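In: sequence and computational prediction follow.
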Amino acid sequence: MKKNMGRIDKSIRIILALIFATLYYAGVISGVFGIIILILAAIFVLTSFIGFCPLYAPFKINTCSLKGKK
């Protein structure tokens, strides 16, 4: 897999995942919606660590810096 996520994109995803998890565990979000949000948070964390977003590939989106494209 070729990396297609830049540092800022990864940071935003991690921050969103932390917010989603905090909202769930604080009881602000619950039920089916809460479970969906937790799954989304897990996907954000996973894609941030591997640096590849499968949804970016079909649309040819690449947020990596120009230095990383060499």
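Out: Received it, and whenever you're ready, just let me know what you need. Numbers count the residues shown, from 1 in each chain.

In: contacting residues around the residue most central in space within the chain?
Out: In the chain, the centroid-proximal residue (Cα atoms, centre = their mean) is residue 44; its distance is 2.4 Å. Neighbour list for residue 44: 13, 14, 16, 17, 20 [criterion: Cβ atoms under 8 Å, 6 or more residues apart in numbering]. In short, each C-beta sits where N, CA and C put it, glycine included.

In: how about the one helix or strand it maps to: buried residues?
Out: Using DSSP states H and E, the element containing residue 44 is helix 31-50. By neighbour count on 16 or more other Cβ atoms under 10 Å, the buried set for helix 31-50 is 34, 37, 38, 41, 44, 45, 47, 48.

In: one step back: do you know the pLDDT at the residue nearest to the centre of the chain?
Out: pLDDT recorded at residue 44 is 95.

In: burial of residue 17, as a residue count?
Out: Number of residues near residue 17 (other Cβ atoms under 10 Å) recorded here: 21.

In: so it sits against residue 38, correct?
Out: No: counting by Cβ atoms under 8 Å, residue 17 does not reach residue 38; the two are 9.2 Å apart.

In: any low-confidence regions in this protein?
Out: 66-70 (pLDDT under 70).

In: SS state for residue 4?
Out: coil (DSSP: H, G, I helix; E, B strand; the rest coil).

In: from residue 3, how far out is the residue nearest to the centre of the chain?
Out: Taking Cβ to Cβ, to the nearest Å as the measure, residue 44 and residue 3 are separated by 16 Å.

In: got it, and residue 50?
Out: Taking Cβ to Cβ, one finds residue 50 at 8 Å from residue 3.

In: before we move on, what about residue 21?
Out: Residue 21 is 25 Å from residue 3, by Cβ to Cβ.

In: now residue 22
Out: In terms of Cβ to Cβ, residue 22 sits 28 Å off from residue 3.

In: also residue 64?
Out: In terms of Cβ to Cβ, residue 64 sits 6 Å off from residue 3.

In: OK, contacts around the residue nearest to residue 45 when sequence neighbours are not counted?
Out: Nearest residue to residue 45 in three dimensions, chain neighbours excluded: residue 17, at 4.9 Å (Cβ to Cβ, 6 or more residues apart in numbering). Listed by Cβ under 8 Å, 6+ apart, the contact set of residue 17 reads 41, 42, 44, 45, 48.
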